[in-house]
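*Asks:* kindly generate the corresponding structure for this input.
(one chain, ligands or ions: 1)
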Amino acid sequence: MIGRLNHVAIAVPDLDAAAEQYRSALGAVVGPPQDEPDHGVTVIFIELPNTKIELLYPLGDDSPIKGFLEKNPSGGIHHVCYEVEDILAARDKLKESGARVLGTGEPKIGAHGKPVLFLHPKDFQGTLVELEQV
Ligand code: CO
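*Replies:* Here you go, the predicted model:
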């Protein structure tokens, strides 16, 4: 069921500084900031040869990233995103296995314009998992 690693998301306290570090120190291809009001984040995607890094910064007062940055003031890995071919079939199979889907349980449109879901970190070795239909 699980496909490629689509991205690793890193919450950062300073989006410009993080983008500049990936650009100049690591020599990465860094995209423009994109506001995602439905998800309460501003994101920057960094293209790597085999996957992407998603830099996350809070957008709005009830951003889900805000609390994470309070607990991790210097930033940290926030989630990993795996590709699936059929997100509803994947969701149903995971729910049957006891995994909890966050939010309403219905896919939202993610940063790439594709349906995404998040799975509870307590059900996945302490890691927040995003599924993206590709
Ligand atoms: Co993501």
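*Asks:* any stretches of this structure with poor pLDDT?
*Replies:* Low-confidence segments of the chain, defined by pLDDT under 70: none present.
*Asks:* show me what from it comes close to the ion.
*Replies:* Ala9, Glu54, Cys81, Glu130 (CB under 5 Å from the ion). All C-beta atoms are positioned from the backbone trio N, CA, C, and that covers glycine.
*Asks:* by contact count, what packs against the top strand by length along the chain?
*Replies:* Longest strand in the chain by number of residues, with DSSP state E as the criterion: strand 76-84. With contacts defined as 3 or more CB pairs under 8 Å, 6 or more residues apart in numbering; DSSP states H and E, the secondary structure elements packing on strand 76-84 are strand 5-11, helix 64-71, strand 128-133.
*Asks:* so Ile77 makes contact with Val8?
*Replies:* Yes. The pair Ile77 and Val8 qualifies as a contact (CB atoms under 8 Å) at a distance of 6.4 Å.
*Asks:* more neighbours: which of the two?
*Replies:* Ranked by neighbour count (other CB atoms under 10 Å), Ile77 and Val8 place Val8 first, with 16 against 13.
*Asks:* what's the farthest-apart pair in the residues of the chain next to the ion?
*Replies:* In terms of CB to CB, the residues of the chain next to the ion reach their longest pairwise distance at Glu54 and Glu130, which sit 9.2 Å apart.
*Asks:* between these two, what contacts are shared?
*Replies:* By the contact definition CB atoms under 8 Å, 6 or more residues apart in numbering, Glu54 and Glu130 are jointly contacted by Ala9, Cys81.
*Asks:* who has more neighbours, those two?
*Replies:* Taking Glu54 and Glu130 together and counting by other CB under 10 Å, Glu54 has the greater number of neighbours (24 against 21).
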